[in-house]
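Undergrad: Give me the fold of what follows.
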Amino acid sequence: MESGLEEVFRRDWPSMVGAVARYTSDLALAEDVVQEAFERALQSPVLLRNPTAWITTTARHIAIDRIRSDRSLARSLSKLAHSVAELGGEPETLETFLGDERLVLIALIAVPGIREEDRLALALRFVCGVPTSDIATVLLVPPTTLAARLTRAKKRLHANPGLIQLEGPATAVTIGQRLDIVLDTVFLLYTAGYSSPLGSVARATALQLSRELAALFPEHLETQGLLALILLTEARRPPADFRHGASMAGDDDVDLEDSNRSQWNSPLINEGLLLAAAALAGGGRFSLMAGISGLHDVAARWEDTEWDAIAALYDGLLGIWPVASVALNRTIARSMMADVGPSLALAELDSDFPRYSGQLRWQAWAARADMLRRLGLGSEAANAYRCALEGALDDGDRTFLLRRIRELKGK
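TA: Predicted coordinates for the structure are as follows:
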C-alpha cells in the first residue's frame, strides 16, 4: 500500500467503515466494501485529491452492487441509491462527513446478546482501527482465537439486517435506544486504554466519543457521568485506577499515595468535577464512579483523602452494580477509614477472596499485601506481594510490586 494510502488507512479507516455502515446497517459488508475500495484506490492511474472521500463513496457504490444481488436486503436499496444520488455522480464530490461516524459503529456493536468482551474487541477493531494481533495481546488470547471470535460476532450482526439506521436527525434518537450499551462500550474502550499497545488510541477515542455523547444527550446524567469519569481519570495521567495500588502506566510507576499531585491536570479536574457534581444526583454507575475519582482528585495530599465519603459512594455503587471489582475497591477504601482500618478490612477481604479470579485475583493479593504492610507484618506482606506478582502482567504493575518488596526487604 502506497505511503499516502497507508496513512489514510491508519487515520480514517474507522470513519470510512462507519460512513458505509450508516447506510447498510451491516458491519461485515461495510468492512468488505471499504477494503475493496482501498484496493481500487491502489490501482487508480490518477492521483486522488481526497482519497478518504473517494474511497468512502466508492465503497458505497460497491455496497449498492452487493445489495442488488441480495434479494433479502432489497428493502434497503432505495435508501442507498438515494444517499449516493445526493453525493453526485463523481466520487470526488464528497468532501466532509457530518457527525462522528465512529458512533455509528458503536451503535451497531451495541447489540443485546453480543458478549461484553466481544463488544470490546469489535470496538477496538472497527472503532479504533487497532490490529487484531494487538487486541489479542490485550485480551490475553491467541490471534487466531480472537479472529474467530470477531468473525462470529460479525456474523451475528450480519444475521440481523436492519439492526440500526442512522441518518440526519434520527441519529441521536437511534443511538439513544441503545444508550446504556453504547456508554458501556465507550467505558470498555477507555479501560482497555490502560494496556500497551493500545493506550493513547483507545483513551483518546473514548474521550472524544464521551464528549460527543454528552453533547447529544445533555439531559442524560449518565452520559455526563461517563465524561466526568474519563476526565477525572485522565487528569491524573499516567492513569491510576480506583484502588490503592499500582499505576496502570508503564513508565511512571507510582501509586496514588506517592503521586506528584502538582502535575495533575487542573483544567480537566475542574471540568470533570462540575459534570460529576451534576451527574451524582442520578445515582448511576458512571456518576458514582466519577464521584469517587473526583474525591481522589480534590485531595491535596494522600493524607487528605476523604475515605469515608469514598467508601459511602462504593456502598451505593455496590448496590446497583454488585460485581467483584467494586466489592474489592470498597474493602480497600474501608481499610483506609479510621473506624475500620486494615485489621477489620483484612478480615473482610479474606472472607471475599474466593470470589476473585483472573486479573482481580492478583489485585486482591496486592490489596492484602498493603493491609499487612500497614499492620507492620512485613514478612507476610512480602509473601502476599509475591503472590500478586505471579498474576500481574502489566509492566507498570510489576514494577510497583517489586518496589514494594524491595522496600520491605530494606526494613
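Undergrad: where does residue 69 land on pLDDT?
TA: pLDDT, residue 69: 65.
Undergrad: do the same with residue 159
TA: pLDDT, read off for residue 159, is 69.
Undergrad: cool, and residue 85?
TA: Residue 85 is assigned 46 on the pLDDT scale.
Undergrad: Residue 207 contacts residue 234, correct?
TA: Yes. Using CB atoms under 8 Å, residue 207 is in contact with residue 234, at 6.6 Å. (Glycine included, C-beta is placed from N, CA and C.)
Undergrad: what's the overlap in contacts for the two?
TA: Overlap between the contact sets of residue 207 and residue 234, as judged by CB atoms under 8 Å, 6 or more residues apart in numbering, is nil.
Undergrad: For residue 141, which non-adjacent residue is spatially closest?
TA: Distances taken as CB to CB, 6 or more residues apart in numbering place residue 149 nearest to residue 141, at 7.8 Å, with adjacent residues excluded.
Undergrad: Test my guess that the one you found contacts residue 121.
TA: Yes. Contact between residue 149 and residue 121 holds when scored by CB under 8 Å: they sit 6.3 Å apart.
Undergrad: neighbour count winner among the two?
TA: Shown here are residue 149 and residue 121; by other CB atoms under 10 Å, residue 121 has more neighbours (27 against 20).
Undergrad: name the element that one belongs to?
TA: Counting by DSSP states H and E, the element that carries residue 121 is helix 116-122.
Undergrad: need the contact list for residue 277.
TA: Contacts for residue 277 (CB under 8 Å, 6+ apart) come out as residue 294.
Undergrad: Next, the buried residues of the strand or helix carrying it.
TA: Using DSSP H and E, residue 277 maps to helix 266-279. Within helix 266-279, the residues that qualify as buried are 268, 269, 271, 272, 273, 275, 276, 279, counting by 16 or more other CB atoms under 10 Å.
Undergrad: what's the closest of those to residue 230?
TA: Of all those, residue 272 has the smallest distance to residue 230: 8.0 Å, by CB to CB.
Undergrad: burial of the residue nearest to residue 341 when sequence neighbours are not counted, as a residue count?
TA: Spatial nearest neighbour of residue 341, chain neighbours left out: residue 335 (6.6 Å); criterion: CB to CB, 6+ apart. Residue 335: 25 surrounding residues under other CB under 10 Å.
Undergrad: Residue 335: what's it in contact with?
TA: Taking CB under 8 Å, 6+ apart, we find residue 335 in contact with 244, 341, 342, 344, 345, 346, 349, 367, 370, 371, 374.
Undergrad: Return the item of those residues having minimum pLDDT.
TA: On pLDDT alone, residue 244 ranks lowest of these, at 39.
Undergrad: Check which helices and strands the longest helix anywhere in the chain sits against.
TA: Assignment by DSSP state H gives helix 3-24 as the longest helix of the chain. The contact analysis (3 or more CB pairs under 8 Å, 6 or more residues apart in numbering; DSSP states H and E) places helix 3-24 against helix 27-43, helix 51-68, helix 77-87, helix 102-109.
Undergrad: before we move on, back to that, quick one: list the elements packing against the helix holding residue 121.
TA: helix 132-139, helix 143-158, helix 179-192.
Undergrad: ok, back up a step: turn the buried residues of helix 266-279 into JSON lines, columns for pLDDT.
TA: Shown next, in JSON lines, are the buried residues of helix 266-279 (pLDDT from 0 to 100):
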{"residue": "268", "pLDDT": "95"}
{"residue": "269", "pLDDT": "96"}
{"residue": "271", "pLDDT": "96"}
{"residue": "272", "pLDDT": "96"}
{"residue": "273", "pLDDT": "96"}
{"residue": "275", "pLDDT": "96"}
{"residue": "276", "pLDDT": "96"}
{"residue": "279", "pLDDT": "95"}
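Undergrad: Format those as a markdown table; extra columns: distance to residue 16.
TA: What follows is the buried residues of helix 266-279, written out as a markdown table (distance: CB to CB, whole Å):
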| residue | distance to residue 16 |
| --- | --- |
| 268 | 31 |
| 269 | 36 |
| 271 | 31 |
| 272 | 32 |
| 273 | 37 |
| 275 | 32 |
| 276 | 35 |
| 279 | 34 |
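Undergrad: quick one: contacts for residue 374?
TA: Going by CB under 8 Å, 6+ apart, the list of residues near residue 374 reads 335, 342.
Undergrad: Please report the distance of it from residue 407.
TA: Noted for residue 374: a distance of 13 Å to residue 407, by CB to CB, to the nearest Å.
Undergrad: got it, and residue 323?
TA: Remark: distance between residue 323 and residue 407 (CB to CB) = 31 Å.
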